[in-house]
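> Below are the sequence and a predicted model for it; my questions follow.
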Amino acid sequence: MGPGKRILIVGGVAGGASCAARARRLSETSEIVLFDKGPFVSFANCGLPYHIGEVIKKEESLLVATPGLFKKRFKVDVRLNSEVISIDRAKSEIQVKELASGRVYSEKYDALVLSPGAAPVKPPITGADLPGIFTLRSIPDTREIKQCLAAGSKSALIVGGGFIGLEMAENLLKLGLSVTIVEAMPQVLPALDPEMVSPAHDELRRRGVSLRLADSVVGFDPMPEGGLRARLTSGEEVRADIVILSVGVRPDTKLARDAGLEIGELGGIRVDDRMVTSDPRIWAVGDAVEVRDFITGRWTLVPLAGPANRQGRIAADVIHGRDRRFRGVQATAVCGFFDLTIASTGPSEKTLKRLGLWREDYDKIYLHPVHHAGYYPGAKTIILKLIFSKNDGRIIGCQATGEAGVEKRVDVISVTVQNNGTVFDLEEAELCYAPQFGSAKDPVNLAGMIAANVVRGDAQLAQWEDVDSTGALVVDVREPSEFEKGHLEKAVNIPLGELRARLDELPRDCEIWAYCRSGQRSYYAVRLLSQYGFDVKNITGGFLTHLLRKDVK
């Protein structure tokens, strides 16, 4: 074994802990010291809402590793309650403050890895520091929240409808509290497209959660009888015994800024694809760094545990002379609450539009398959949206919502995206099939087939947002009984089975747009009519997709 390096790691959760363990596996002679200003190392912060909700009963279950385990298994010196307060880049040393004693000391490094994570955003709202108002990011946070709940809290206000907000809503409701969510955007899960989270609104309301969308808290006041009052921009008030602020996180970059390291425009530590900062002896990983979006090539912040772990491994490899590169992020994520699961990978349609990247060569499809064979009991519908390039079929991203099988399909599509895959790859993907697990044509295959038909020119698509403005004849090819239960006012009903016999009722001097329940029968209609010379398009996703758009502003 050759001489090792002295590696200091600041921050001991996902990225820092992974880096420490990987570094030891690569070198038995390196000296590895990990510092964390908190009382825990390598804990599962994604599990915090479920510990509050008593799904995870024991706090120790959240501890992925302890200082003792790191010492025994990896010969890593873990120093808790130790805050790294400054970096002297010229001397290659850090200054550490022991929080218990106040003692400050220095440590030399050959390689320094910053993994400080991100801090919860505490909005500048009057009264936001009042007792009973919490953020959730650490085990001590859960202790304070559980103590407040144990004191007899009956009602909760959650400010922010992101992942943590929805998970907390589920867990607090299960504990018997009444729950209100206030979200400044017109939808929960703001990163996703609005029509894809419409089922989330339905599910939350069905469970008894009060949703205040497109509204914000402007101030908190203590109530004489106890509890808090939140004043909203709408003029309304919400009273609650406990408030959870869940409006996002901000990269913790103070240490890096003070050391003069480059900070990106989004406020994260700027690194290259080897996780190296602007100082060649300092690496940075995890929620505090800006990285490239794999699809758009733009700098982005993605505070997710998966990328943080991979970045920690790559930093350890590069420190030990290996040529490893981080390929970028797709923001692949999943959120489950009550009976609903929502997952996504890649940029949403509205993100592409916001970045000015939604061009004529992109298209989208919707489909509503079941998660396993329909003839096997318990089949649940998956709502799936796929965004792809019309030019070559490259997959841009997808979003999916449903009660079962959602994350499995998004995972498959995510891997395909990482390999620059196309809709033709989805079309040909060979996936597991037994009736209780999937279908011979899996939802992933169906998404590929539908999109491939578009790229090949076998089907022309129309979108629901264009229906009101089109001069095309809109034809509903469902059965009359379906038509009577709900349809577009401008639609003409000609069932698919009658279409051949009623061709003379259709115009040849204007477009025809067809729809059915989910898009399958209208695709058959498009193929039929196109062969008779009609100019025809399929409104993607059928009437079910139209119903999803009720929340779209």
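Arrived safely, thanks for sending.

> which other residues reach stretch 415-423?
294-295, 327, 330, 345-346, 386, 388, 392-397, 425-426, 429, 447-448, 451-452, 455 (C-beta atoms under 8 Å, 6 or more residues apart in numbering). The C-beta positions use only the backbone N, C-alpha and C, and glycine is treated the same way.

> how about residue 179, secondary structure?
The three-state label given to residue 179 by DSSP: H, G, I helix; E, B strand; the rest coil is strand.

> Am I right that residue 122 is in contact with residue 130?
No - counting by C-beta atoms under 8 Å, residue 130 is not a contact partner of residue 122; they are 12.0 Å apart.

> Quick check: which element contains the closest residue to residue 208 other than its chain neighbours?
Computed as C-beta to C-beta, 6 or more residues apart in numbering, the closest residue to residue 208 that is not its neighbour in sequence is residue 173, at 6.6 Å. Using DSSP states H and E, residue 173 maps to helix 163-174.

> buried set for that helix?
Under the neighbour-count criterion of 16 or more other C-beta atoms under 10 Å, helix 163-174 has 163, 164, 165, 166, 167, 168, 169, 170, 171, 172, 173 buried.

> want to throw those residues into TSV with pLDDT?
Listed next are the buried residues of helix 163-174 as TSV, based on pLDDT from 0 to 100:
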residue	pLDDT
163	94
164	95
165	96
166	97
167	96
168	97
169	97
170	97
171	97
172	97
173	97
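
> centroid residue for this protein?
residue 333 (3.6 Å; C-alpha atoms, centre = their mean).

> where along the stretch 151-300 of the chain do the strands fall?
Taking DSSP state E, counting those that start in this stretch as the criterion, the stretch 151-300 of the chain carries its strands at 155-159, 178-183, 210-213, 217-222, 228-232, 237-240, 242-245, 249-251, 269-270, 282-284, 289-292, 299-300.

> Output the ones you listed as JSON lines; include the columns distance to residue 337 and mean neighbour count.
Output for the strands of the stretch 151-300 of the chain, formatted as JSON lines (distance: least, C-beta to C-beta, whole Å; neighbours: other C-beta atoms under 10 Å):
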{"stretch": "strand 155-159", "distance to residue 337": "12", "mean neighbour count": "24"}
{"stretch": "strand 178-183", "distance to residue 337": "11", "mean neighbour count": "22"}
{"stretch": "strand 210-213", "distance to residue 337": "13", "mean neighbour count": "18"}
{"stretch": "strand 217-222", "distance to residue 337": "21", "mean neighbour count": "17"}
{"stretch": "strand 228-232", "distance to residue 337": "22", "mean neighbour count": "19"}
{"stretch": "strand 237-240", "distance to residue 337": "19", "mean neighbour count": "17"}
{"stretch": "strand 242-245", "distance to residue 337": "14", "mean neighbour count": "24"}
{"stretch": "strand 249-251", "distance to residue 337": "19", "mean neighbour count": "20"}
{"stretch": "strand 269-270", "distance to residue 337": "32", "mean neighbour count": "24"}
{"stretch": "strand 282-284", "distance to residue 337": "32", "mean neighbour count": "28"}
{"stretch": "strand 289-292", "distance to residue 337": "28", "mean neighbour count": "24"}
{"stretch": "strand 299-300", "distance to residue 337": "25", "mean neighbour count": "18"}
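
> re earlier: among the contacts of stretch 415-423, which lie within helices?
Among the contacts of stretch 415-423, the members falling in helices (DSSP state H) are 425, 426, 447, 448, 451, 452, 455.

> Contacts for stretch 120-130, please.
133, 135-137, 159, 217-222, 228, 245-250.

> show me the contacts for residue 75.
24, 28, 32.

> ah, wrong one, I meant residue 41
With C-beta under 8 Å, 6+ apart, residue 41 has these contacts: 12, 13, 17, 34, 65, 66, 67, 70, 78, 80.

> Stretch 316-329: end-to-end distance?
Across its full length, stretch 316-329 reaches 19 Å between end residues, using C-alpha to C-alpha, to the nearest Å.

> So which bits of that stretch are buried?
Residues of stretch 316-329 classed as buried by neighbour count (16+ other C-beta under 10 Å): 316, 317, 318, 319, 320, 326, 328, 329.

> Kindly indicate which of these lies nearest residue 359.
Nearest to residue 359 among the buried residues of stretch 316-329: residue 328, at 20.4 Å, using C-beta to C-beta.

> close enough to count as contact, the closest one and residue 296?
No - Residue 328 lies out of contact with residue 296 (C-beta under 8 Å); the separation is 9.3 Å.

> helices or strands up against the helix or strand containing residue 307?
Secondary structure assigned from DSSP H and E places residue 307 in helix 305-319. With contacts defined as 3 or more C-beta pairs under 8 Å, 6 or more residues apart in numbering; DSSP states H and E, the packing partners of helix 305-319 are helix 14-26, strand 111-114, strand 282-284, strand 289-292.

> Turn these into JSON lines, columns for distance to residue 440 and mean pLDDT.
Output for the helices and strands packed on helix 305-319, formatted as JSON lines (distance: least, C-beta to C-beta, whole Å; pLDDT from 0 to 100):
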{"stretch": "helix 14-26", "distance to residue 440": "39", "mean pLDDT": "95"}
{"stretch": "strand 111-114", "distance to residue 440": "48", "mean pLDDT": "98"}
{"stretch": "strand 282-284", "distance to residue 440": "47", "mean pLDDT": "98"}
{"stretch": "strand 289-292", "distance to residue 440": "38", "mean pLDDT": "96"}
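
> Make a markdown table from those and add distance to residue 414 to it.
Shown next, in a markdown table, are those (distance: least, C-beta to C-beta, whole Å):
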| stretch | distance to residue 414 |
| --- | --- |
| helix 14-26 | 19 |
| strand 111-114 | 27 |
| strand 282-284 | 25 |
| strand 289-292 | 16 |
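
> Could you find the closest non-adjacent residue to residue 273?
Per C-beta to C-beta, 6+ apart, closest to residue 273 is residue 325, 4.5 Å.

> And that neighbour, what's its pLDDT?
Residue 325 is assigned 96 on the pLDDT scale.

> Likewise for residue 225?
89.

> Can we start the residue count at 56 from this point?
Will do, 56 is the new start, and the previous item becomes residue 280.

> Give me the phi and psi for it.
phi -90, psi 0 (degrees, to the nearest 10).
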